[in-house]
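Undergrad: Provide a 3D model corresponding to the input given below.
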Amino acid sequence: MMSKLMLTMIPLLPLLLAMGYAWRPAGAWLVAAPTAALAGALWVPVDSAVSLPWLLLGVHWQLDPVGQTFLLFSALAWLIVSLFVAADSRSYIRARHYGVLFLSALAGNLLLIVAADLISFYIGFAMMGLSAYGLLLKPSQRARRAARVYLGFTLAGELALFLALLLLALNADSLLIADLHASAVPDLAIGLLLIGFGIKVALPGLHPWLPLAYSSAPLISVAVLSGPMMKAGLLGWLRFMPRDQPGLGAWGELLIALGFGGLLLGTILALLQRRPSAILAYSSVAKMGLISLLFGYALANPQAAPQVLGALVLFAMHHLMTKTALFIGLHQLQAENTGRWTYPGMVLLALGMAGLPLGGGLAAKTALGQATGADLANLLLFAGFAGALMMLHFVYRVHQERITRNTQAKTTGHWQMAAHGAWWALLPLAFWAPFAPIAGGFDFKALLIILAAGALLWLSHRLIQPGELPRLFRPGDVYHLLYRIRLRPPLQLAPRVNASVRPPVLKLSSLVPGEGSLLLPGLAWLIVTFLLLGVMFAPIF
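TA: Predicted coordinates:
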């Protein structure tokens, strides 16, 4: 009985506290909201379930092993971020609506994790996605534009997901997730699932919202958007995509190709950025591209799917914790009162994600290598090299831009002190999670990859002079290209247009760097190098 009550309170407590926050805003409401989820992940027995047949068309919640893993690390990330939200003094963060939407997004994220029926999952997914729109807003035109783009992609993804779940329910004649794969899933439903969750995991072509949002929104909001919310897309694939159905090889190959494209695109564009938040944004595109590729490999090789998906979940949890901690670190560096040791902590986290020996990142990559065998050995080597390049570039740019006027920690207030202490407690967990300390062991090859990436990065800095990026390479990339294309209405006869208000027209000069911009030889060298490396290390194509 107690386990059912705790399971029920996991998504219900944040909703109740959201109503309390709307009545009287207080930081305690925010910090208390994830505690039920954290306690449930630690103490609710696996496979515990609760059913409410009188609610909607019947509500069923369950905590399976995969859900328990997602719940534990998601609740930890939300808890740390909630401390920083409670400590933030900016007016738009302390606004009543921000706290209500923060708690609503948290409730939606937790609900989709424990959902065992289609309606609960969709409600949680929609609540999380739509609430996040308000978390991205701040008094900035760039932030408002990024939030609108995010909302457009989110609505498109939720429409695709709704149609996919409707087809699944009609095909299985059941609303329970466990019954969906009793019969063959239609190809249309599989395609819609790839689109609906592919927007959340930022597949190539569906990704422009991510760099726009990450580089414009409040960093403390991006911390949960890049961690628990983004991993909801992977959880959706794990829940709804069939893995033992005949004829999935073509879908798996498509996902492999898209994932490799995301890995290559994210790496190249990350190396062309100078803002640390934009570098982290495109590194997320690259990492989620690798996750999509590995999920496609599991679809194409069902005999290896259990081992690959198990290692993939561990890899995703490490990325969840590390990326959340890195964005919190950026938030601390940009705050008025920050400690001088925040930057070294971020360096450790970045190197851990790059595969530093004895870290959790190396352990996750080792688990993936063991699960896939020799099939993806070269590709994982390339992915590790690309990840090291991105993280070293991030460390360099943070060093160039970090605020140095405060050399001593000056925290005021109990929430600020608790938040900074929580980040330092999160640091070793994010470095090793979800593995035991030094589980990855010492791998000289991993250290050599980091050193080689550092040498290549140094060479690229020597060849490429800093300057203004072309629009195509700014955060949002393709969005900026499409935004500047103006289509003249048909049958319009010589309209009189005021030149001062003429809409922007796409010009070739806006895509090609000019004087004082990136040097074309260096840019071409960098792109060709990665294309050649991608072809060399990807024999699966």
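Undergrad: now the strands for the stretch 51-200 of the chain?
TA: 59-63 (DSSP state E, counting those that start in this stretch).
Undergrad: what's the closest non-adjacent residue to residue 200?
TA: residue 233 (3.2 Å; C-beta to C-beta, 6 or more residues apart in numbering). C-beta coordinates here come from the backbone N, C-alpha and C atoms, glycine included.
Undergrad: Tell me how many other residues crowd residue 64.
TA: 18 (other C-beta atoms under 10 Å).
Undergrad: Renumber starting at 31 from here on
TA: Sure, I'll start numbering at 31, so the last one becomes residue 94.
Undergrad: Need the nearest residue in space to it, chain neighbours excluded.
TA: Residue 94's closest residue in space is residue 77 (C-beta to C-beta, 6+ apart), at 6.3 Å.
Undergrad: tell me the contacts of that neighbour?
TA: 92-94 (C-beta atoms under 8 Å, 6 or more residues apart in numbering).
Undergrad: Residue 473 and residue 389 touch, don't they?
TA: No: using C-beta atoms under 8 Å, residue 473 makes no contact with residue 389, being 10.2 Å away.
Undergrad: what about these two, which has more around it?
TA: residue 389 (27 against 17).
Undergrad: wait, doesn't the more buried one sit right on residue 381?
TA: Yes: counting by C-beta under 8 Å, residue 389 touches residue 381, with 7.3 Å between them.
Undergrad: and the residue nearest to residue 230, what does it touch?
TA: 227-231, 318.
Undergrad: for the host helix or strand of residue 423, packing partners?
TA: Using DSSP states H and E, residue 423 sits within helix 407-431. Judged by 3 or more C-beta pairs under 8 Å, 6 or more residues apart in numbering; DSSP states H and E, the packing partners of helix 407-431 are helix 279-301, helix 306-330, helix 335-364, helix 372-384, helix 390-402, helix 474-493, helix 550-566.
Undergrad: neighbours of the closest residue to residue 209 other than its chain neighbours, just the number please.
TA: Spatial nearest neighbour of residue 209, excluding adjacent residues (C-beta to C-beta, 6+ apart): residue 202 at 5.1 Å. Neighbour count of residue 202, defined by other C-beta under 10 Å: 18.
Undergrad: Excluding chain neighbours, what is closest to residue 50?
TA: Using C-beta to C-beta, 6+ apart, the closest residue to residue 50 is residue 59 (5.4 Å).
Undergrad: buried residues in stretch 123-134?
TA: Residues of stretch 123-134 classed as buried: 123, 128-134 (neighbour count, 16 or more other C-beta atoms under 10 Å).
Undergrad: per-residue confidence at the residue nearest to residue 230?
TA: Residue-level confidence at residue 263 comes out at 93, pLDDT.
Undergrad: Could you measure from it over to residue 156?
TA: Using C-beta to C-beta, to the nearest Å, residue 263 is found at 14 Å from residue 156.
Undergrad: hmm, back to that, tell me which helix or strand the residue nearest to residue 50 sits in.
TA: helix 57-62.
Undergrad: then that helix to CSV, C-alphas only?
TA: Output in CSV follows, covering the C-alpha atoms of helix 57-62 (Å, rounded to 0.1, in the frame of the first residue of the first chain):
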residue,chain,number,x,y,z
GLY,A,57,11.5,28.5,-3.0
ALA,A,58,10.4,25.6,-0.7
TRP,A,59,7.7,24.6,-3.1
LEU,A,60,10.3,24.2,-5.9
VAL,A,61,12.8,22.2,-3.9
ALA,A,62,10.2,19.9,-2.3
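Undergrad: Isn't the residue nearest to residue 209 up against residue 212?
TA: Yes: assessed by C-beta under 8 Å, residue 202 is found in contact with residue 212 at 5.9 Å.
Undergrad: residue contacts, residue 71?
TA: Residues in contact with residue 71 (C-beta under 8 Å, 6+ apart) are 93, 98, 101-102, 105.
Undergrad: Turn the buried residues of stretch 123-134 into JSON lines, including pLDDT and distance to residue 166.
TA: Below are the buried residues of stretch 123-134 laid out as JSON lines (pLDDT from 0 to 100; distance: C-beta to C-beta, whole Å):
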{"residue": "123", "pLDDT": "90", "distance to residue 166": "12"}
{"residue": "128", "pLDDT": "94", "distance to residue 166": "11"}
{"residue": "129", "pLDDT": "93", "distance to residue 166": "15"}
{"residue": "130", "pLDDT": "94", "distance to residue 166": "15"}
{"residue": "131", "pLDDT": "94", "distance to residue 166": "10"}
{"residue": "132", "pLDDT": "96", "distance to residue 166": "12"}
{"residue": "133", "pLDDT": "96", "distance to residue 166": "16"}
{"residue": "134", "pLDDT": "95", "distance to residue 166": "14"}
